[in-house]
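Enquirer: Predicted model, plus sequence, below.
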Amino acid sequence: MDKSAQNGLTKYVAGFVAGATPEELPADVVELGKKSILDGLGLALSGSVAHSGAIVLRHLDELGLQAGAATVIGMGRKIAPRFAAFANGVGIHADDYDDTQLAVATDRVYGLLTHPTAPALPAALAMAEMVGATGAQTMLAYHLGVEVECKIAEAIDPRHYQTGFHATATCGTFAAAAAAASLMKLNPEATARALSIAGSQSAGLRENFGTMTKPFHAGRASESGVAAAQFAAHGWTATDKILEAPRGFFNAAGGGYDIGAIYPRLGEPWTFANPGISIKPHPSGSLTHPGMTEMARLIREHNIKAADVKHVRVGTNSNMPNALIHHRPKDELQAKFSMEFCMAILLLDGRAGLGEFTDETTQRPDVKAMIEKVDFVVDEKAEKAGYHKMTTIIDITLTDGRVIHGEADFGKGSPANPMSYDEVANKFQENAAHAGLKRDAADEVVALVANLERQPSIERLMSLIAKVG
């Protein structure tokens, strides 16, 4: 790699963001992005009525904010863009039901590099409302945010995630800055400063998984990126090499990086095209999804009854227990990071949606008893498959002595087993109904997003989801 690339990486990213046009988005990328946008809107709605939503609303009240241009989804108010981005980022990630990036390199943790939509979409929506952007411009800003976020996450040394950083929080800050800078039409120099201001705000630790602070990470990343772009627009100074400098993001937060993972690969190909983005069918950590998809298949195929289950062994690679840390969950947030709970609830209830991930469900005697039958272990075969996969090996021992075996590398919603737009629309409808949005409004949202690139603005779209109930 030549010295100019190594010394000008931030400028390269800024130039890509500042120079992109909606016409450059490939048709397949546009269609794939619509699914994640629709998914994100539904999750912002359901997140607005989560436990964390009430606290966010109280916090917004405490700030004493004047009316602004940007919609807080589901909460019936408009405020300054940075704070709307915060609230909507928290909402999208509140139930850990949002999409995930796929890893490319075998030493990466599949599905855990970052949740791309949670920080990128709120920033794009907030700034689009602020500047009166078209649907096509909004979509471009969202894609730029996702692309920058995912390529930065892929480039940084795996130590970044493995030792405790939450990449959705850290890399997501750059996503929001890129999205906001695009809509503000910042030139390359100002965009580089926006990225640099964002880099000094990137933070978030995985020790907070299973608490409200995990979605707080996504909200703060989105807010910080918007603020960074706004400060850059005002002439705030910052370095022009925040990514590559010896004391910059890659070295400070990861101890190094693979420049070939990001340069010259922005948009070559777009992340949505390859390796793709996974959309979640269940509101739990993405590492549970191959196992949940396989468990659901085994239950259907073999007509397994909970009463007939004696023992369940779930084997994965050693990185997965590093994230799925709650083996005896005490509430719904911990249950999202409990392989044992996810297996148990499918065996008992045959489904695992928002209605099953509740505090009350974790305390059910039958759930606790089934969890005791589940062993979550590191499996040699899964370990050899590589960390870029989520290889999950299931052995169900029944009371009659039979052992039912299953294996899966990928779950439903992954590019290997994708959800169609109609399937995502069904998920959106469920989340919208959970929040109390009327069906006719939800139907119109589905139709608007399907044709987002042809909308003269996003005003109608945001008005439909501004308030629930």
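Expert: Perfect, I can see it now.

Enquirer: Next up, the contacts around Ala352.
Expert: Shown in contact with Ala352 (C-beta atoms under 8 Å, 6 or more residues apart in numbering): His282, Pro283, Ser284, Met292, Cys342, Ile345, Leu346. Any C-beta I mention is one placed from the backbone N, CA and C, and that applies to glycine too.

Enquirer: contacting residues for the third one?
Expert: Shown here is Ser284, whose contacts under the criterion C-beta under 8 Å, 6+ apart are Asp96, Tyr97, Met292, Ala335, Lys336, Phe337, Cys342, Ala352, Phe357.

Enquirer: With the first one instead?
Expert: The contact partners of His282, by C-beta under 8 Å, 6+ apart, come to Tyr97, Thr288, His289, Met292, Cys342, Ala352, Gly353.

Enquirer: Check the fifth one too.
Expert: Counting by C-beta under 8 Å, 6+ apart, Cys342 makes contact with His282, Ser284, Thr288, Gly291, Met292, Met295, Ala335, Ala352.

Enquirer: So which of the contacts of Ser284 is the closest to Ser202?
Expert: The nearest member of those to Ser202, counting by C-beta to C-beta, is Asp96 at 20.4 Å.

Enquirer: Need the pLDDT of Asn319.
Expert: At Asn319, the model reports a pLDDT of 86.

Enquirer: quick one, phi psi at it?
Expert: Dihedral angles phi and psi of Asn319 (degrees, to the nearest 10) take the values phi -80, psi -20.

Enquirer: just Gly74 next, same as before
Expert: Main-chain torsions, Gly74, degrees, to the nearest 10: phi 80, psi -10.

Enquirer: Can you give me the distance of the closest residue to it other than its chain neighbours to Asp409?
Expert: Nearest residue to Gly74 in three dimensions, chain neighbours excluded: Ser48, at 2.9 Å (C-beta to C-beta, 6 or more residues apart in numbering). When distance is defined by C-beta to C-beta, to the nearest Å, Ser48 is 34 Å away from Asp409.

Enquirer: More neighbours: those two, which one.
Expert: Applying other C-beta atoms under 10 Å to Ser48 and Asp409 shows that Ser48 carries more neighbours, namely 30 against 17.

Enquirer: Would you confirm that the more buried one contacts Thr71?
Expert: No: using C-beta atoms under 8 Å, Ser48 makes no contact with Thr71, being 11.0 Å away.

Enquirer: sorry, back to before: out of the contacts of Ala352, which comes closest to Gln363?
Expert: Closest to Gln363, out of all of the contacts of Ala352 and judged by C-beta to C-beta, is Ile345, at 12.7 Å.

Enquirer: what ranges do the strands span in the protein?
Expert: 70-72, 77-79, 100-101, 277-278, 309-316, 374-378, 392-398, 403-408 (DSSP state E).

Enquirer: which stretch among those strands comes nearest Glu459?
Expert: strand 70-72 (9.5 Å).

Enquirer: How far away from the center of its chain is that closest one?
Expert: Centroid separation between strand 70-72 and its chain, computed with C-alpha atoms, centre = their mean, to the nearest Å, is 20 Å.

Enquirer: now stretch 228-246
Expert: From the chain centre to the centre of stretch 228-246 is a distance of 25 Å (C-alpha atoms, centre = their mean).

Enquirer: Using CSV, list the CA coordinates for stretch 234-250.
Expert: Output of stretch 234-250 as CSV, limited to C-alpha atoms (Å, rounded to 0.1, in the frame of the first residue of the first chain):
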residue,chain,number,x,y,z
HIS,A,234,-19.6,26.1,11.5
GLY,A,235,-15.8,25.9,11.0
TRP,A,236,-14.8,23.9,14.1
THR,A,237,-11.3,22.7,13.6
ALA,A,238,-10.1,19.1,13.8
THR,A,239,-7.3,16.9,12.4
ASP,A,240,-7.7,15.6,8.8
LYS,A,241,-6.3,12.2,9.7
ILE,A,242,-8.4,10.9,12.6
LEU,A,243,-8.6,7.3,11.2
GLU,A,244,-4.9,6.6,10.3
ALA,A,245,-2.8,8.8,12.6
PRO,A,246,-0.6,7.0,15.2
ARG,A,247,-2.8,8.5,17.9
GLY,A,248,-6.0,8.3,15.8
PHE,A,249,-9.0,6.0,16.0
PHE,A,250,-7.6,2.8,14.4
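
Enquirer: Gly291 contacts Ile394, doesn't it?
Expert: Yes: with contact defined as C-beta under 8 Å, Gly291 counts as touching Ile394 (6.3 Å).
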